[in-house]
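[1] Need a 3D model of the sequence below.
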Amino acid sequence: MNKSVTFLIIGIAAAIGLVACDNSSQSNSTATTEDMAETSATSAPVQATPSDLAGILAAQPADVIARYTYRNPAQTLEFFGIKPGMTVVEALPGGGWYSKLLMPFLGSDGELIGANYPSGMYKLFGYSDDRMAKVATWATDWPETAKTWVEGDTANVSAFVLGDLAEQQKGTADAVLLIRALHNLARFEDQHGYLNSALQDAFDVLKPGGIVGIVQHAAPSDADDNWANGSKGYLKQAFVIEKMQAAGFEFVAASDINANPLDVPGADDVVWRLPPTLSGSKDDKEKAAAMQAIGESNRMTLKFVKPAV
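    Numbers count the residues shown, from 1 in each chain. This is a model prediction of the structure:
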């Protein structure tokens with residue numbers, strides 16, 4: 001992967017001239033599940049040659065391409081060392097924003113394994129009985145849905161629920177991706193231990209030498225710890241590194257690939273005020289324009305490794 005891929009992507013987005021947006025309507029009470037349900041516009045299944053990441057990225061719908069400015073998928077996957085043929089666990093894949101890139105990129109020799117939050121977390125979000133029924137069958141339903149997203153030479157797809165990793169799955173993955181997935185785990189950690197449990201699953205599912213790639217909304221380093229506990233969507237980088245090292249991982253490197261210095265949240269701010277959610281401003285054009293001008297959140301990008309021995 002080289003910078004020409006990035007320039008191609010930026011050129012496509014500029015030519016189309018779109019602004020990243022999310023058409024879903026969410027209240028503050030449900031904004032914390034934004035990353036779970038994120039979907040792209042309905043489109044024909046992507047067909048692309050494995051390892052041709054530039055072609056895969058260019059084949060995505062316009063609303064997905066519009067977000068490359070903030071999400072930088074080519075640079076991010078290169079930084080994490082994701083390659084065709086790998087077995088990759090993607091935590092909280094939701095509507096497949098990254099899954100639709102990973103499946104054709106990993107190819108038929110690779111595997112993409114979705115990992116969802118435990119059902120108990122969804123109860124804490126106030127899910128209705130109908131939505132909880134869908135959560136209960138997610139590990140079976142999500143792979144079937146994901147298989148409709150990409151045609152041709154694509155990765156095998158499976159899924160499990162965090163906290164319920166099967167013995168035969170241990171030591172099988174080359175990489176675990178935790179992309180905007182840690183804040184909800186952290187916010188309930190004191191009461192339910194979801195974060196430690198998820199990180200144990202990540203450690204167990206990886207082969208020795210396997211990689212963990214994290215992209216997470218980044219709180220200012222001087223933010224109040226009670227504010228930066230995940231409930232606002234943000235976590236401190238030092239906290240994430242500390243938790244990962246406590247779980248047995250070795251810190252490899254940090255990158256500013258997904259940094260956005262314009263995102264400087266105040267004490268009353270939540271990450272979902274920003275695009276694509278625009279919580280609290282969708283009916284206020286002036287405020288929405290101000291949030292769009294900031295763009296998506298400032299994000300840490302961290303790489304860890306499971307020790308080889």
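[2] Sketch out the low-pLDDT regions of the stretch 101-250 of the chain for me.
    Across the stretch 101-250 of the chain, nothing is flagged by pLDDT under 70.
[3] quick one, helices of it?
    For the stretch 101-250 of the chain, applying DSSP state H, counting those that start in this stretch gives helices covering 119-124, 129-136, 138-146, 182-187, 189-192, 194-205, 237-246.
[4] how near is residue 96 to residue 83?
    Relative to residue 83, residue 96 is positioned 20 Å away (Cβ to Cβ, to the nearest Å). Every residue, glycine included, has its C-beta placed from N, CA and C.
[5] Just say helix, strand or coil for the residue nearest to residue 218 when sequence neighbours are not counted.
    Sequence neighbours aside, residue 300 is the residue nearest to residue 218 in space, at 4.2 Å (criterion: Cβ to Cβ, 6 or more residues apart in numbering). Following DSSP: H, G, I helix; E, B strand; the rest coil, the label given to residue 300 is strand.
[6] Any idea what residue 300 is bridged to?
    On the basis of DSSP bridges, residue 300 is bridged to residue 216.
[7] ok so, going back, in terms of neighbours, single out the busier of residue 96 and residue 83.
    residue 96 (23 against 17; other Cβ atoms under 10 Å).
[8] Three-state assignment for that one, please.
    coil.
[9] how close does the closest residue to it other than its chain neighbours get to residue 71?
    Distances taken as Cβ to Cβ, 6+ apart place residue 149 nearest to residue 96, at 5.6 Å, with adjacent residues excluded. Here the criterion is Cβ to Cβ. By it, residue 149 lies 17 Å from residue 71.
[10] which residues does the residue nearest to residue 106 when sequence neighbours are not counted contact?
    Once flanking residues are discounted, residue 106 sits nearest to residue 155: 3.9 Å by Cβ to Cβ, 6+ apart. If a contact means Cβ atoms under 8 Å, 6 or more residues apart in numbering, then residue 155 has 88, 102-104, 106-108, 110-112 as its contacts.
[11] what's the distance between residue 155 and residue 239?
    32 Å.
[12] swap in residue 220?
    12 Å.
[13] between those two, what contacts are shared?
    Taking Cβ under 8 Å, 6+ apart as the criterion, residue 220 and residue 239 both touch residue 228.
[14] one step back: how much space between the residue nearest to residue 106 and residue 217?
    27 Å.
[15] Also residue 105?
    To residue 217, residue 105 is 25 Å away according to Cβ to Cβ.
[16] what do you get for residue 116?
    19 Å.
[17] of these two, who's got more company?
    Of the pair residue 116 and residue 217, residue 217 is the one with more neighbours under other Cβ under 10 Å, namely 27 against 23.
[18] contacting residues around the more buried one?
    180, 183, 233-235, 271, 297-299 are the contacts of residue 217 under Cβ under 8 Å, 6+ apart.
[19] measure it to residue 269 for me?
    11 Å.
[20] Likewise for residue 246?
    28 Å.
[21] Over to residue 238?
    20 Å.
[22] For the residue most central in space within the chain, which non-adjacent residue is closest in space?
    Nearest to the mean C-alpha position of the chain, by Cα atoms, centre = their mean, lies residue 179 at 2.7 Å. Counting by Cβ to Cβ, 6+ apart, residue 179 lies nearest to residue 215, which is 4.5 Å off, once chain neighbours are set aside.
[23] just to revisit the earlier point, nearest to residue 278 among the contacts of residue 155?
    residue 102 (26.8 Å; Cβ to Cβ).
[24] The closest one touches residue 90, doesn't it?
    Yes: in this structure, residue 102 is within contact of residue 90 by Cβ atoms under 8 Å, at 6.6 Å.
[25] Give the intersection of the neighbour lists for those two.
    residue 112.
[26] Can you give me every residue that contacts residue 259?
    218, 298-301.
[27] Let's verify it: helix, strand, or coil?
    coil.
[28] Using PDB, write out every CA atom in stretch 218-233.
    The C-alpha trace of stretch 218-233 is given here as PDB (Å, rounded to 0.1, in the frame of the first residue of the first chain):
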ATOM      1  CA  ALA A 218     -10.200  10.300  21.600                       C
ATOM      2  CA  ALA A 219     -10.800  12.400  24.700                       C
ATOM      3  CA  PRO A 220      -8.500  15.300  25.400                       C
ATOM      4  CA  SER A 221      -5.700  14.100  27.700                       C
ATOM      5  CA  ASP A 222      -6.700  16.600  30.400                       C
ATOM      6  CA  ALA A 223     -10.400  15.700  30.300                       C
ATOM      7  CA  ASP A 224     -12.100  14.700  33.600                       C
ATOM      8  CA  ASP A 225     -11.900  11.000  34.000                       C
ATOM      9  CA  ASN A 226     -15.600  10.700  34.800                       C
ATOM     10  CA  TRP A 227     -16.400  12.500  31.600                       C
ATOM     11  CA  ALA A 228     -14.000  10.400  29.500                       C
ATOM     12  CA  ASN A 229     -15.500   7.000  30.800                       C
ATOM     13  CA  GLY A 230     -17.100   6.100  27.500                       C
ATOM     14  CA  SER A 231     -20.500   7.400  28.200                       C
ATOM     15  CA  LYS A 232     -19.900  10.500  26.000                       C
ATOM     16  CA  GLY A 233     -18.300   8.300  23.300                       C
END
